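Chemist: Would you be able to build a 3D model of this:
(one chain, ligands or ions: 1)
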Amino acid sequence: MDFLDVPTVLKVSALFNLMAALAWLTLAQLFRIAPRAGRLMAAAHLARIVSQGCGDCLAGWPAPARQAVPEFALLGCVLLLLLALRRMLRSRQRPRDIAWIAGLGAAGIAAGLASGSGLAPQLASTVAVTVLGLMAVREVWRGIGDRLSAVVRIGTTLPFALLALLAFVHGAELLLVPGWEAHVLEGRLPTAARAVLWFVVTAAITLSLIALMIWRLIMRIQHLTHRDPLTGALNRRAFERALADGQAQLQRGRGFALVMIDIDHFKQINDRHGHPAGDAALQHCVRVWQAGLREIDCLGRLGGEEFCALLPLALPGDLATATVVAERLRASLAAQPLHWQGSELPLTASFGVALPVVGDAQGEVGLARADAELYRAKTEGRNRVCVALHLGGLGASS
Ligand SMILES: Nc1nc2c(ncn2[C@@H]2O[C@H](COP(=O)(O)OP(=O)(O)OP(=O)(O)O)[C@@H](O)[C@H]2O)c(=O)[nH]1
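Modeler: Numbers count the residues shown, from 1 in each chain. Reported below is the predicted structural model:
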């Protein structure tokens, strides 16, 4: 790579990192987009500038200080990157593991500097960066899960794997290639190929994080447009879409059941304890029901205190299983009163269960049958489950 001179590559890289830091800060401070992750990323980019070395700009400094600055800066950069990733992916895991690895790395660098070795501090930071890089790979891989295609998942994880690989190869070089000690102690610049490679990996990691941030924004927008803001259940439109999808699956032999739910005497809660108590009761009910449903089940708020659950069935027409689930939801709510301002407010709900009908594209017939059963549960005394007999056509109930 004779056509590339190293100081120019380092200047371009420094400029890129500076611009990226400014961009993350702007997003975080002005637009409030991923503010904590954005600030961490801005700091990571600034640390990267310090870590990449600057030739003889530290010439007047004592050798240990010249060595310490880039090693600590690189470790800090990867540490900040990993913390930003956790925030970006909304991981609930505490950063204790990251702090341990970074702490051990920092201790290793400090001990190496104290021993006067040229290699030991680099080796310590390289090992720590390799481990942190691998943790970043795991973080992104798990954070994306199967919510995006395999290609996108691999593409987004790859830059972090490259970071770990580069650090690992560098560690191996330190151990196996003679003469590195002098190279390090004299503060020589990296080769052009190495400088370009690090720049490319830094840029790829930045792109990957931008992709993760955009994905997070899309997920947020989807959440806002699909969810009822009070309870977090699907809103009516999203539930109707899920129902239409279920009807399409029904044509292909995959069945589901509908459970219409209405909280009993809900108006009394509002009247006696106020609207905020009513809101808290709605949230409580959804929490209790969601806990009793599987991830593939959908719970939608159709309006007011009326909800509907769509339960995919392993065996189409398995009304018995759907009835057991509805009964479980009924019993769990009856057993868990709402704790409101020091008192317990008992809550119950009525349930109507029905199977959908093939050929009913929007699922209106199934919904109407579940609703009729719900009405029957109300008139028969509430806090009960009524089930429509499935005769394949319209109307019959038991
Ligand atoms: N707090 C609160 N109340 C709501 C909300 N949406 C609807 N409501 C109230 O829910 C109440 C529904 O009352 P009704 O339809 O009479 O039903 P109910 O009192 O549960 O009676 P039954 O269904 O017959 O047991 C009305 O007073 C609505 O104002 C909401 O988002 N928050």
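Chemist: can you tell me which residues contact the residue nearest the centre of the chain?
Modeler: With the centre of the chain defined as its mean C-alpha position, the nearest residue by C-alpha atoms, centre = their mean is Leu89, 3.9 Å away. Neighbour list for Leu89: 139-140, 143-144, 212, 216 [criterion: C-beta atoms under 8 Å, 6 or more residues apart in numbering]. The way it works is simple: take the backbone N, C-alpha and C, and place the C-beta from them, glycine included.
Chemist: Pop the domain breakdown of this protein in here.
Modeler: Here the domain parsing of the chain from automatic domain parsing is 6-226, 236-387.
Chemist: Dump those into JSON lines; add mean pLDDT as well.
Modeler: Output for those, formatted as JSON lines (pLDDT from 0 to 100):
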{"stretch": "domain 6-226", "mean pLDDT": "90"}
{"stretch": "domain 236-387", "mean pLDDT": "95"}
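Chemist: Of all those domains, which one is nearest the ligand?
Modeler: domain 236-387 (2.5 Å; C-beta to the nearest ligand atom).
Chemist: Kindly check the end-to-end length of that closest one for me.
Modeler: Its start and end residues considered, domain 236-387 measures 23 Å (C-alpha to C-alpha, to the nearest Å).
Chemist: do that domain and the ligand meet?
Modeler: Yes - counting by C-beta under 6 Å from any ligand atom, contacts between domain 236-387 and the ligand involve 262-267, 270, 275, 278-279, 282, 304-305, 378, 382.
Chemist: and stretch 31-50, which residues are buried?
Modeler: Using 16 or more other C-beta atoms under 10 Å as the test for burial, stretch 31-50 gives 33-34, 37-50.
Chemist: ok, which pair from those residues is furthest apart?
Modeler: Ile33 and Val50 (25.8 Å; C-beta to C-beta).
Chemist: circling back: for Leu319, state which of the buried residues of stretch 31-50 is nearest.
Modeler: Ala34 (45.9 Å).
Chemist: so how far is Asp297 from that closest one?
Modeler: 31 Å (C-beta to C-beta, to the nearest Å).
Chemist: For Gly300, name its beta-bridge partners.
Modeler: Leu234, Cys308 (DSSP bridges).
Chemist: Name all residues that make contact with it.
Modeler: 233-236, 238-239, 242, 307-310.
Chemist: Pull out the buried residues from those.
Modeler: 233-235, 238-239, 242, 307-310.
Chemist: count of residues packed around Leu175?
Modeler: 10 (other C-beta atoms under 10 Å).
Chemist: Give me the nearest residue to it, chain neighbours excluded.
Modeler: What sits nearest to Leu175 in space, not counting adjacent residues and going by C-beta to C-beta, 6 or more residues apart in numbering, is Leu123, at 7.3 Å.
Chemist: and Asp228, how far is that from the ligand?
Modeler: Distance of Asp228 to the ligand, given as C-beta to the nearest ligand atom, to the nearest Å: 9 Å.
Chemist: which ones are touching that residue?
Modeler: Counting by C-beta under 8 Å, 6+ apart, Asp228 has contacts 234-235, 301.
Chemist: Mind doing that once more with 7 Å?
Modeler: By C-beta atoms under 7 Å, 6 or more residues apart in numbering, the contact set of Asp228 is 235, 301.
Chemist: confidence score at it?
Modeler: Asp228 carries a pLDDT value of 96.
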